[in-house]
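K.L.:
what follows is a predicted protein model with its sequence.
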Protein chains: 4
Amino acid sequence: MFETPITVVGRVITDLRRRTVGNQEVISFRMASNSRRRGADGTWEAGNTLYITVNCWGKLVTGVGAALGKGRAVIAVGHVYTSEYDDSNGVHRSSLEMRATSVGPDLSQTLVQIIEQAPAATKEPATGPEEPEAEQEPGAAKEALPLSA
Amino acid sequence: MFETPITVVGRVITDLRRRTVGNQEVISFRMASNSRRRGADGTWEAGNTLYITVNCWGKLVTGVGAALGKGRAVIAVGHVYTSEYDDSNGVHRSSLEMRATSVGPDLSQTLVQIIEQAPAATKEPATGPEEPEAEQEPGAAKEALPLSA
Amino acid sequence: MFETPITVVGRVITDLRRRTVGNQEVISFRMASNSRRRGADGTWEAGNTLYITVNCWGKLVTGVGAALGKGRAVIAVGHVYTSEYDDSNGVHRSSLEMRATSVGPDLSQTLVQIIEQAPAATKEPATGPEEPEAEQEPGAAKEALPLSA
Amino acid sequence: MFETPITVVGRVITDLRRRTVGNQEVISFRMASNSRRRGADGTWEAGNTLYITVNCWGKLVTGVGAALGKGRAVIAVGHVYTSEYDDSNGVHRSSLEMRATSVGPDLSQTLVQIIEQAPAATKEPATGPEEPEAEQEPGAAKEALPLSA
């Protein structure tokens, strides 16, 4: 409740990266969202781009792993934070990360077929209490580097 | 930019409803989002529910029509507003509506297969300038009634 | 975390209403947000309006009570849900409510002077665990009616 | 509409920085938002921190300049994007920036007195069409560096 919520709509720009943190699986990818704004003459103008690394835990791992990949049009919903680390040259850097709670293909760009859905009764938060806050570990943050586009 | 953005994650609770407004197709459905919050003892407690009618125009019509239906776990992204109307008994009512910009199945609950995706070059806003603001017409608002769960 | 976050920017359209629920004070007000979108010719067009009741608990009560009132330009941040109730004529109704976490005057419209600020160390959530979920009580929901504009 | 909306609630961590871009004034500051999440035992745990540079144009300049400063508890609403630049050592860097549409002191932390408010009739977007997209200029991005905390 006191985290910063964000929804990003854009494209996956890296391959999915799977890893295990503790005994939890996580899938991460980078995405880019190109903005557009309508100018004074009514035409749409390309604006700034937002880049973010999306981390998918828990119940998201199966669905994201089965459906998404580089180039996919995607909606990512979650909480956003800054990850700070030193790169391999000792330069201090920061990257923008999302702990996703829901992710889906963007149906304004994509045709999908639904194969299976968990029954409503089993609905649980995608990111539960038992999950380690792996993003806060310096090592995990450093590992995230290859995702940068 | 001066509309109120919202992202709702929940379930579709009605059948999809297709209609034509002017020469534009629109698909509408109602969704419900059940909230959960962690109480003082750490357990998750059921909270309030949000109900909203989601209106899908333009490029969303094909993808939503092909994939979604009652019961589906869904992410809806767009702008939110109040629709006011008089019901068939002459009672003044209001309902919460979203003009969706992106909609997708929630991969934390769903397995999907991606069939086809529009190339990045053709990316355009799902709700463009030529689309009528049908929600503002009293008739359209009244028509939306049967969607109420 | 599994509630629906929202930020509404607009005007307070009712007087503030103070009441006590259990042993907690709450201030409620209605606000309206008028949207604008740029049309195909580049001019700004008035769009739909969002109406919402904002409920301020805990640490928000003092600051909101001291500064805000009808007509004020305001930013309200919190979680949104549907409150359902029967009105005095027995008609079933619903209204859109926010449990606010942060509220402030909109400095794009307002000049303010800051009088005092809590030290950072005392920062706590504005809506803590001990607060009753008063919005869920039928009586409280019915009481909210006079706020409707 | 196709930009990524965000609301950040936190503290101003730098002095305000005023500059003129073209014939427009802009005020920028860095802010930090410390997240909290409730753990499995119900206690609040400190989580990740989000750092962001907030750029205030147009009608925001007067109100923000008069009221805010380092240490203030603040709500910032706007659109978020990545600014890329090379630092003075030739290292390629990126920073997270917001183009603010509304900013206000957080009344859950602050007592304020309202001095003056623009009449509703004059309400215009804080960031209008005539404003240069200064953030996209390489020079402007480089200038933003001293704001980093």
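P.N.:
Nice, I can see it.

K.L.:
quick check: bridge partners of A:V103?
P.N.:
A:A76 (DSSP bridges).

K.L.:
please report the distance of it from B:I13.
P.N.:
22 Å (CB to CB, to the nearest Å). Heads up, the C-betas are built off the backbone N, CA and C, glycines and all.

K.L.:
and these two? which has more neighbours close in?
P.N.:
A direct count of neighbours by other CB atoms under 10 Å in any protein chain shown for A:V103 and B:I13 places A:V103 higher, at 30 against 16.

K.L.:
does the more buried one touch A:W57 like I think?
P.N.:
No: in this structure, A:V103 is not within contact of A:W57 by CB atoms under 8 Å, at 10.9 Å.

K.L.:
which parts of chain A are strands?
P.N.:
A:4-12, A:17-21, A:24-38, A:44-57, A:73-86, A:92-105, A:110-117 (DSSP state E).

K.L.:
quickly run through the sheet partners of the second one, with directions.
P.N.:
Strand A:17-21 pairs in its sheet with strand A:24-38 (antiparallel), by DSSP bridges.

K.L.:
now the fourth one
P.N.:
Using DSSP bridges, the strands paired with strand A:44-57 in its sheet are strand A:24-38 (antiparallel), strand A:92-105 (parallel).

K.L.:
list the buried residues of the first one.
P.N.:
What it means is strand A:24-38. A:25-38 (16 or more other CB atoms under 10 Å in any protein chain shown).

K.L.:
and if you look at stretch A:110-118?
P.N.:
A:110-112, A:114, A:117-118.

K.L.:
ok, which pair from those residues is furthest apart?
P.N.:
A:L111 and A:A118 (22.1 Å; CB to CB).

K.L.:
do I have it right that A:R11 meets A:A32?
P.N.:
Yes: with contact defined as CB under 8 Å, A:R11 counts as touching A:A32 (5.8 Å).

K.L.:
report the outermost residue of chain A with respect to its centre.
P.N.:
The outermost residue of chain A relative to its centre, with distances by CA atoms, centre = their mean, is A:D41 at 34.7 Å.

K.L.:
save the strands of chain A as CSV, and put in mean pLDDT too.
P.N.:
Listed next are the strands of chain A as CSV, based on pLDDT from 0 to 100:
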stretch, mean pLDDT
strand A:4-12, 98
strand A:17-21, 96
strand A:24-38, 92
strand A:44-57, 93
strand A:73-86, 95
strand A:92-105, 95
strand A:110-117, 93
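
K.L.:
nearest to D:N89, of those?
P.N.:
strand A:92-105 (11.6 Å).

K.L.:
roughly how far out does the closest one sit from the chain middle?
P.N.:
4 Å (CA atoms, centre = their mean, to the nearest Å).

K.L.:
need the CA coordinates for it. CSV is fine.
P.N.:
Output of strand A:92-105 as CSV, limited to C-alpha atoms (Å, rounded to 0.1, in the frame of the first residue of the first chain):
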residue,chain,number,x,y,z
HIS,A,92,27.9,3.4,-9.5
ARG,A,93,24.7,3.0,-11.5
SER,A,94,21.0,2.7,-10.9
SER,A,95,18.2,1.0,-12.8
LEU,A,96,14.5,1.2,-12.7
GLU,A,97,12.8,-2.0,-11.7
MET,A,98,9.3,-3.3,-11.3
ARG,A,99,8.1,-6.0,-9.0
ALA,A,100,5.2,-7.2,-11.1
THR,A,101,1.8,-8.2,-9.7
SER,A,102,0.0,-8.8,-13.0
VAL,A,103,1.4,-9.1,-16.6
GLY,A,104,-0.5,-9.7,-19.8
PRO,A,105,-0.2,-9.5,-23.6
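
K.L.:
now do the longest helix anywhere in chain A: everything it contacts.
P.N.:
Ranked by number of residues, the top helix in chain A under DSSP state H is helix A:60-67. Helix A:60-67 is contacted by residues A:16, A:18, A:25-27, A:56, A:100-103, A:105, A:112, A:126-127, B:106-114 when judged by CB atoms under 8 Å, 6 or more residues apart in numbering or on different chains.

K.L.:
repeat that for 6 Å
P.N.:
A:25, A:27, A:56, A:100, A:103, A:126, B:107-108, B:110-112, B:114 (CB atoms under 6 Å, 6 or more residues apart in numbering or on different chains).
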